[in-house]
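Visitor: coords below, sequence missing:
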Ligand code: MG
């Protein structure tokens, strides 16, 4: 017998039990600590309203709400844009010229809706052709691709001449379609050398068609290339392209409408 009347065996069992219990408690405590360490409380995120049909999020910059083209100008001349506004849509007809936003943007989330005319004329690249130019340089193709074969890296939702879309989510001409685009702008160092290329994610009618693809360079240079000095689409002279740039919408000589255009800066 030992103190308090316990046998040595009973005391050993008690020590073992206590040790195991302490190990369990400490282990649990350790796990709880590491999980809590990964909880993030700051900064508290801004509360915004999400999208319901036809409505821009509350923190978006609205580029076209159906009423006017104040956010846009003719890309080449920088005079007021003069596309046709009717029934909440703005429509480019041949000769109305490519337009660009007055505001310049870096990384963005862009939403827009587009509709090729239901008057079927032309074929391939000459049917319902327009385009969304991120940074006025990188074209996401707008085209009637419902029943209108063309090269796949030139069809609707392609990154023109760089990437075909993952699927063809096109609707019939005359029906509204949507693009949701996440664009990460290229980054240049102080000497104008490319540090990080541009990346693009695109949903066409809610369907993922490009998943963070690396852009190879500007669309309409002879070969895709990056340059801190560039000629934006439909412009004629070189300019500094290493910072923020406008978004452009193309006049390709066909009838295409746009509506509900908004952008969120990232
Ligand atoms: Mg085009």
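Guide: Nice, thanks for sending it over. What you see is a predicted model, and the numbers here were worked out from it, not measured in a lab.
Visitor: looking at this structure, which helix or strand is least sure?
Guide: helix 8-37 (a mean of 64; mean pLDDT, DSSP states H and E).
Visitor: ok, residue 182 - contacts?
Guide: 108, 109, 110, 200, 201, 202, 266 (Cβ atoms under 8 Å, 6 or more residues apart in numbering). Every C-beta, even on glycine, is put in place using the N, C-alpha and C of the backbone.
Visitor: need those residues in TSV with pLDDT and secondary structure, can you?
Guide: Converted to TSV, the contacts of residue 182 look like this (pLDDT from 0 to 100; DSSP: H, G, I helix; E, B strand; the rest coil):
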residue	pLDDT	secondary structure
108	98	strand
109	98	strand
110	98	strand
200	98	strand
201	98	strand
202	97	strand
266	97	coil
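Visitor: between these, which sits nearest the ion?
Guide: Proximity of the contacts of residue 182 to the ion (Cβ to the ion) peaks at residue 202, which lies at 14.3 Å.
Visitor: my guess is the closest one contacts residue 165, does it?
Guide: Yes - between residue 202 and residue 165 a contact is recorded at 7.3 Å, counting by Cβ atoms under 8 Å.
Visitor: pairing partners for whichever residue of the stretch 1-150 of the chain sits closest to the ion in the sheet, please.
Guide: Here the residue of the stretch 1-150 of the chain nearest the ion is residue 131; by Cβ to the ion that distance is 3.2 Å. Per DSSP bridges, the residues bridged to residue 131 are residue 141.
Visitor: ok so, going back, just the buried ones out of the contacts of residue 182, please.
Guide: Among those, those classed as buried by 16 or more other Cβ atoms under 10 Å are 108, 109, 110, 200, 201, 202.
Visitor: sorry, back to before: what's the farthest-apart pair in the contacts of residue 182?
Guide: 202 and 266 (15.0 Å; Cβ to Cβ).
Visitor: residue contacts, residue 142?
Guide: 114, 116, 128, 129, 130, 131, 132, 156, 250, 256 are the contacts of residue 142 under Cβ under 8 Å, 6+ apart.
Visitor: which among those residues gets closest to residue 43?
Guide: Nearest to residue 43 among the contacts of residue 142, with distances taken as Cβ to Cβ, is residue 132, at 31.9 Å.
Visitor: pLDDT wise, what is that closest one at?
Guide: pLDDT recorded at residue 132 is 98.
Visitor: let me see the contact set for it.
Guide: Counting by Cβ under 8 Å, 6+ apart, residue 132 touches 110, 112, 139, 140, 142, 179, 181, 247, 248, 249, 250.
Visitor: what separation do you get for the residue lying closest to residue 193 once chain neighbours are set aside and residue 100?
Guide: Counting by Cβ to Cβ, 6 or more residues apart in numbering, residue 193 lies nearest to residue 228, which is 7.7 Å off, once chain neighbours are set aside. According to Cβ to Cβ, to the nearest Å, residue 228 stands 19 Å off from residue 100.
Visitor: out of those two, which sits in the busier spot?
Guide: residue 100 (25 against 17; other Cβ atoms under 10 Å).
Visitor: am I right that that one is in a strand?
Guide: Yes - the assignment for residue 100 is a strand, going by DSSP: H, G, I helix; E, B strand; the rest coil.
Visitor: could you double-check that it sits in contact with residue 251?
Guide: No - using Cβ under 8 Å, residue 100 makes no contact with residue 251, being 11.4 Å away.
Visitor: can you narrow the contacts of residue 132 to ones near the ion?
Guide: By Cβ under 5 Å from the ion, the members of the contacts of residue 132 lying near the ion are residue 250.
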